[in-house]
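Chemist: Here's my sequence, what's the structure:
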Amino acid sequence: MRHFLLATAALCIALPAAAQDRAGLAAIIDQGTNHSQVVQTAQYLTDVIGPRLANSPGARAAEAWTQGKFREWGLRNVRKEGFAFGRGWGIERASVRMVTPRAVQLTAIPVAWTPGTNGTLTAPVIVAPIARERDFAKYRGQLRGKIVMVTLPRAAKDPTEPDFRRLTGDDIARLDQFQQPDYDPASINRRAKRLDYTKKLDAFLKAEGAVAMATMSYRDGKLVHGEGYLFGTGDTATLPAVQIAQEDYLRLARLAKIGPAPTLEITSDVRFDDSDANAYNVIAEIPGTDAKAGYVMAGAHLDSWVAGDGAADNGAGSAEVMEAARILAASGVRPKRTIRFVLWGAEEEGLLGSLAYTKAHLARRGAPADQPAGVDYGFSDRWPIVPLPGHGELAAYFNIDNGSGKLRGLYAENNPAVVPIFREWLAPLASMGAANVVARQTGGTDHVLLQQVGIPGFQFVQDPLDYGSRVHHSSVDTFDHLKPEDLRQGSIVLASVLLSAANADKALPRPPLPTQPVVTDPFAYSDANDD
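Modeler: Alright, predicted model coming up:
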């Protein structure tokens, strides 16, 4: 086998770029099947390192370990790039028990970046559903000495669809629809508004004499992280807070309604770390042979939430990006363009790693005087877009962040000009189920901010498995929900697409540099009372 790989590498050096891709594909498939390490990589990230909340001990361990693996595999220019974030935080141990009217160990977890209880806190609960600032007035004078249950105790609807599924041909066909752009200025900066509300809620509860806050998981049977956590230095919450599993939370609410209110014991032993306020992106490269040709890039976010082990979200994507790097390095390819691999930090807090990369390497938005020093949630709402010198160097970006399902092809992301190119690149992978190209645009992950400044950024179509129904952001996001055969297939597909992009005669067609849009529906109203 070693002689086969050496012969293939030598053949690749001698052939033109397009032929190199075909000759190199055999070596990619061999490395990705007979010599695969993607499952071992995913298992180490999840079972050994575990959850990787931004700036937590787990995140720091993952940053160091992934750099070591890239170097071991022969990648070049391995480094990490820091960006302003905030506090580190981790859980040492935690327990939530109902002690009256009977003893029950509850399924619960401290809310990220909230302080500990400094021992065991014992107090009755009060059900006080608070969703907006205008709700505060309803509960003034009622919260002193209480653990405040702020989620409205409403049971989730029973599922009517299977938890686990793979995409059918009809499912994929429905994705092949061009979507007209939709610009709603009321949607801008929603995360910043949530963080502002979270600060006001914490201050209100503290001023009213509450001793802790409790929220309800929004899915049955598991803990599920949401958004709106205060991680900035000087911004973290003052009250301990826990999330309680839906079934336990609803039991507490029923008991509180008939009275007397249940009493809880909460032990939250958490640790803050302010030794380094930066989060980090991990970067590695396979150098190209043409210094003027620029680079292509693949990425996945390395960070995760803490209820589970961050397996499907996004240990799977990180492992596939790492495995694609290992495959290409081991296959001896010599691409025209540099192939850059990046593991993003702090994606869960608002795509902050890819935002930092965009601002450092690709483009500025707005006037120089408008640039904030710290976390920048207003980036997408500033105009004009001013390309940086490195803007034209990035020829294409490919992102993986939808679990461990098989890669079925690529979203063209409303860029029709790339459709025939992607179909040509993916044609040799049809027998693996990966030859689909669909027009639809996707959002919610790290390619979005690159797209917003005119970079051709793309996401893969993936089989959903149980990602959205059970695993995403939940306490069951563990290695057990990963599919080894899908991870191996995804790594091969990613490596092949990257090699095709790196050796293409021309860079992918770029959309026009975005300019400030107009409101899609000038007659639409926003909720002026929304806090």
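Chemist: Next, the closest residue to Ala427 other than its chain neighbours: phi, psi?
Modeler: Nearest non-adjacent residue to Ala427, counting by C-beta to C-beta, 6 or more residues apart in numbering: Ala435, 6.0 Å away. Where C-beta positions appear, they are placed from N, C-alpha and C, glycine not excepted. Backbone torsions of Ala435, given as degrees, to the nearest 10, read phi -90, psi 10.
Chemist: so where's the stretch 351-500 of the chain shaky on pLDDT?
Modeler: Within the stretch 351-500 of the chain, no stretch has pLDDT under 70.
Chemist: same thing with the stretch 151-300 of the chain?
Modeler: Ranges of the stretch 151-300 of the chain meeting pLDDT under 70: 185-188.
Chemist: Swap in 90 and give it another go.
Modeler: For the stretch 151-300 of the chain, the stretches flagged by pLDDT under 90 are 155-163, 179-194, 218-228.
Chemist: what about the strands in it?
Modeler: With DSSP state E, counting those that start in this stretch, the ranges of strands along the stretch 151-300 of the chain come out as 212-216, 241-244, 263-273, 278-286, 295-301.
Chemist: Just name the most buried of these.
Modeler: Highest mean neighbour count among the strands of the stretch 151-300 of the chain (mean count of other C-beta atoms under 10 Å): strand 295-301, with a mean of 27.
Chemist: Direction included, what does that strand pair up with?
Modeler: According to DSSP bridges, the neighbouring strands of strand 295-301, each with its direction, are strand 338-344 (parallel), strand 394-399 (parallel).
Chemist: chain center to that strand, what's the gap?
Modeler: Taking the mean of its C-alpha atoms, strand 295-301 sits 14 Å from the chain's own mean (C-alpha atoms, centre = their mean, to the nearest Å).
Chemist: same deal with stretch 174-183?
Modeler: 22 Å.
Chemist: Check which residues of it are buried.
Modeler: Neighbour counts over stretch 174-183 (16 or more other C-beta atoms under 10 Å) mark Leu175 as buried.
Chemist: Contacts made by that stretch with the rest, please.
Modeler: Contacting residues not belonging to stretch 174-183 are listed as 411, 414, 416, 437-441, 461, 517-520 [C-beta atoms under 8 Å, 6 or more residues apart in numbering].
Chemist: Dump that stretch to CSV, restricted to CA.
Modeler: Below are the C-alpha coordinates for stretch 174-183, written out as CSV (Å, rounded to 0.1, in the frame of the first residue of the first chain):
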residue,chain,number,x,y,z
ARG,A,174,-37.1,20.4,-2.1
LEU,A,175,-33.9,22.1,-1.2
ASP,A,176,-33.2,23.1,-4.8
GLN,A,177,-35.0,26.4,-4.7
PHE,A,178,-33.6,29.9,-5.1
GLN,A,179,-34.6,32.1,-2.2
GLN,A,180,-35.1,35.8,-2.7
PRO,A,181,-33.1,37.8,-0.2
ASP,A,182,-35.0,38.9,2.8
TYR,A,183,-33.9,42.0,4.7
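Chemist: shouldn't Gln441 be in contact with Val448?
Modeler: No. Judged on C-beta atoms under 8 Å, Gln441 makes no contact with Val448 at a distance of 9.4 Å.
Chemist: What separation do you get for the nearest residue to Pro512 once chain neighbours are set aside and Pro368?
Modeler: With sequence-adjacent residues excluded and distances taken as C-beta to C-beta, 6+ apart, Pro512 is closest to Gly454, at 7.2 Å. From Gly454 across to Pro368, the span is 20 Å (C-beta to C-beta, to the nearest Å).
Chemist: So between the two, which is more surrounded?
Modeler: Between Gly454 and Pro368, Gly454 has the larger neighbour count (other C-beta atoms under 10 Å), namely 18 against 7.
Chemist: Help me confirm that the more buried one comes into contact with Leu513.
Modeler: Yes. Using C-beta under 8 Å, Gly454 is in contact with Leu513, at 4.3 Å.
Chemist: Find residues that contact each of those two.
Modeler: Residues touching both Gly454 and Leu513 (C-beta under 8 Å, 6+ apart) are Ile385, Pro387.
Chemist: picking that back up, out of the strands of the stretch 151-300 of the chain, the one nearest Arg79 is which?
Modeler: strand 278-286 (5.5 Å; C-beta to C-beta).
Chemist: just the angle between the closest one and strand 338-344, please?
Modeler: Orientation of strand 278-286 against strand 338-344 (axes from the mean of the first three to the mean of the last three C-alpha atoms, to 10 degrees) gives an angle of 150 degrees.
Chemist: Other residues contacting strand 278-286?
Modeler: 54-55, 59, 63, 66-67, 70-71, 75-85, 295, 302-303, 325, 328-329, 333, 335, 338-346, 352-353, 356-357.
Chemist: List the neighbouring strands of that strand plus their orientation.
Modeler: Counting by DSSP bridges, the strands paired with strand 278-286 are strand 76-84 (antiparallel), strand 338-344 (antiparallel).
Chemist: Show me what the next helix-or-strand element following the last one is packed up against.
Modeler: Taking DSSP states H and E as the definition, the helix or strand that follows strand 338-344 towards the C-terminus is helix 352-357. Using 3 or more C-beta pairs under 8 Å, 6 or more residues apart in numbering; DSSP states H and E as the contact criterion, the neighbours of helix 352-357 among helices and strands are strand 76-84, strand 278-286, strand 338-344, helix 447-451.
Chemist: Fine, thanks again, bye for now.
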